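> I need the structure of the sequence given here:
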Amino acid sequence: MPEVLNRPVTVHFRGDWGQANMHRICGWLAQEMGDRVPEGSRFAIWSGRGGHDQVAALLAGAADIAIITPTAAVRELYGDDDRLRCLGVIGQRDRLVVAVDAALSAETVADLDGVTVATSPDDGVNLVGHLAHRVLQRAGKLTFLYEERPFPAVHRFARGEADVLVHEAIMMPAWQRVADRRPVRYLPLDEPGWPAATVEAGYLPGLTEDLRTLDFSDFAVLCRSDLADDIAGLATWCMVKTRRALEVQYAHIPADRSPLTYPLVPADMARTPIPLHPAAAAVYAEPDDALDDALIWS
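Down below sits the predicted model:
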């Protein structure tokens, strides 16, 4: 795979709301690709929500490359869609967790009844809301407080506005403060067809033993199957060869608390929830050495 293109290109990325990891990934790729294409090339990053909207934008031709999390949802919802391909996976170790006020007697989600839950809406876009409502179907009558992003929901639970919190992004500081105003407990989760995962004892406040719950990990970098080979190949080449330019933006955070897993390992990046774009697969077949030059964050 050559590290430069000989024609100007226009590439539309779709990230998150603007201040989170998907936008940072898009910005990294836009800059690294931009350094390797002729004058006249253009790169745009559109704000998105990281869920079903990303795929809708790809299929409508409104985006060329889009980021979506978690990869488990990509595999389940789009694994048979031949219109889509993957350029790789950017690691993020995350879980969907159910936290409850310690005064509640509930031991499982099925025991929840007559309580208020802070989570995201199941509105056909938000994948937290999609999975949360799926597991909450076994509960009794619930009242919901909806937030698009995790941190307002965590804060509403911490302030006592909700009795139950169902959300992700557990590595972020807001979750470490979730028990500042009230004792909390955590309920186990298991959902047929969805990968299980563990949160180790001590990782969350008041978590005294390992918690069995649901995986909510990793960012899938998606494209359409008809994305031009040279664009797909260059984007993947930049993901592999310039990965340290992204890693160093997170290296000040302890690895087990980082919202992006580092170091990035190309063999892991190539383990995708849907098939790789052929041009991406060709890049992963090359030696996985990374470049060391021009790391603006180092």
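
> any low-confidence regions in the stretch 101-250 of the chain?
Filtered on pLDDT under 70, the stretch 101-250 of the chain yields no residues whatsoever.

> all helices for it, in order.
Taking DSSP state H, counting those that start in this stretch, the helices of the stretch 101-250 of the chain run over residues 127-136, 150-158, 173-176, 229-241, 243-247.

> Using the record's domain definitions, break this protein down for me.
With domains defined by automatic domain parsing, the chain comprises 10-92+218-284, 95-215.

> Quick one, which of the helices of the stretch 101-250 of the chain gets closest to Arg182.
Proximity to Arg182 (Cβ to Cβ) singles out helix 150-158 among these, at 7.5 Å. Where you see a C-beta, it was placed from the backbone N, CA and C, and this is true even at glycine.

> follow-up on the earlier one: which of the domains of the chain is buried the deepest?
Of all the domains of the chain, domain 10-92+218-284 has the most neighbours on average by mean count of other Cβ atoms under 10 Å, namely a mean of 19.

> where does it sit relative to the chain's centre, distance-wise?
With Cα atoms, centre = their mean, to the nearest Å as the basis, domain 10-92+218-284 stands 11 Å off its chain's centre.

> where do the strands sit along the protein?
For the chain, applying DSSP state E gives strands covering 10-14, 42-46, 65-68, 84-90, 95-101, 115-119, 142-146, 164-167, 184-187, 196-199, 211-215, 219-224.

> Figure out which of those is closest to Leu264.
Of the strands of the chain, nearest to Leu264 by Cβ to Cβ is strand 84-90, at 6.9 Å.

> still on that earlier bit, with distance to Val178 as new columns, can the strands of the chain be given to me in JSON lines?
Putting those into JSON lines (distance: least, Cβ to Cβ, whole Å) gives the following:
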{"stretch": "strand 10-14", "distance to Val178": "31"}
{"stretch": "strand 42-46", "distance to Val178": "31"}
{"stretch": "strand 65-68", "distance to Val178": "26"}
{"stretch": "strand 84-90", "distance to Val178": "26"}
{"stretch": "strand 95-101", "distance to Val178": "6"}
{"stretch": "strand 115-119", "distance to Val178": "11"}
{"stretch": "strand 142-146", "distance to Val178": "15"}
{"stretch": "strand 164-167", "distance to Val178": "7"}
{"stretch": "strand 184-187", "distance to Val178": "6"}
{"stretch": "strand 196-199", "distance to Val178": "13"}
{"stretch": "strand 211-215", "distance to Val178": "14"}
{"stretch": "strand 219-224", "distance to Val178": "24"}
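
> Can you tell me which of those is nearest to Tyr262?
Closest to Tyr262 of these is strand 84-90 (Cβ to Cβ; 9.9 Å).

> so for that closest one, what's the average pLDDT?
For strand 84-90, mean pLDDT rounds to 98.

> helices or strands up against that strand?
Judged by 3 or more Cβ pairs under 8 Å, 6 or more residues apart in numbering; DSSP states H and E, strand 84-90 is in contact with helix 52-59, helix 71-78, strand 219-224, helix 229-241, helix 266-269, helix 278-284.

> Let me know the angle separating the third one from helix 52-59.
So the one you mean is strand 219-224. 30 degrees (axes from the mean of the first three to the mean of the last three Cα atoms, to 10 degrees).

> What pairs with strand 219-224, parallel or antiparallel?
When sheet partners are counted by DSSP bridges, strand 219-224 sits next to strand 65-68 (antiparallel), strand 84-90 (antiparallel).

> So which residues make contact with that strand?
Residues outside strand 219-224 that contact it (Cβ atoms under 8 Å, 6 or more residues apart in numbering) are 21-22, 25, 54-55, 58-59, 64-69, 71, 74, 83-92, 232, 235, 239, 272-274, 277.

> Over to the fifth one?
Applying Cβ under 8 Å, 6+ apart, the external contacts of helix 266-269 come out as Gly88, Val89, Ile90, Gly91, Met239, Val240, Arg243, Tyr284, Asp288.

> who are the neighbours in contact with Glu39?
By Cβ under 8 Å, 6+ apart, Glu39 lies in contact with Pro8.

> how near is the nearest residue to Arg182 once chain neighbours are set aside to Ala153?
For Arg182, ignoring the flanking residues on the chain, the nearest one in space by Cβ to Cβ, 6 or more residues apart in numbering is Asp101 at 5.9 Å. Distance of Asp101 to Ala153, computed by Cβ to Cβ, to the nearest Å: 15 Å.
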